[in-house]
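> below: sequence and its predicted model.
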Amino acid sequence: MVVSVRRWLRRVLFVLLLCFFTITMYGGCRFIAVWIAPQDPYRVPQGQALKVFQHDYYQDNGSSVYERLRLFYWYGE
């Protein structure tokens, strides 16, 4: 059996470079995701902004599960 050292070194180099670039790309994507994400999405708004909450009245009127499911599929909410 003939074992080529050059071929094995190329394979090892390829695997090492693949691992390096994979880890680098993963770290870059995580950095960008943290950079884009808001710091605290649930904080009280600043300045002229308003935080609005609208209560869903159709859930309080005693509707059945069937009616709520039909409403969900009808409106997609």
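Okay, I see it. Since the structure is predicted, the reported quantities are computational estimates derived from the model, not experimental observations.
> tell me which element the spatially most central residue of the chain falls in.
What sits nearest the mean C-alpha location of the chain, by CA atoms, centre = their mean, is Ala33, with 8.5 Å. Under the criterion DSSP states H and E, the helix or strand holding Ala33 is helix 5-36.
> rounded mean pLDDT for that helix, please.
For helix 5-36, mean pLDDT rounds to 96.
> and that helix, how far out from the chain's middle?
22 Å (CA atoms, centre = their mean, to the nearest Å).
> report the next helix or strand after it in sequence order.
By DSSP H and E, the next helix or strand past helix 5-36 is helix 65-75.
> so how far is that next one from its chain's centroid?
28 Å.
> picking up where we left off before, state the distance from the residue nearest to the centre of the chain to Arg43.
19 Å (CB to CB, to the nearest Å). (C-beta placed from N, C-alpha, C; glycine too.)
> how far off centre is stretch 27-47?
Using CA atoms, centre = their mean, the offset of stretch 27-47 from its chain centre is 12 Å.
> which positions within that stretch qualify as buried?
Across stretch 27-47, burial judged by 16 or more other CB atoms under 10 Å covers no residue at all.
> what is the end-to-end distance of that stretch?
Terminal residues of stretch 27-47 are spaced 35 Å apart (CA to CA, to the nearest Å).
> could I get the average pLDDT for stretch 46-65?
On average, stretch 46-65 scores 67.
> quick one: end-to-end distance for that stretch.
End residues of stretch 46-65 are separated by 39 Å (CA to CA).
> same question, stretch 33-48
End-to-end for stretch 33-48, by CA to CA: 28 Å.
> over to stretch 31-42?
22 Å.
> and stretch 38-49, by the same measure?
End-to-end for stretch 38-49, by CA to CA: 16 Å.
> do the same with stretch 33-43
20 Å.
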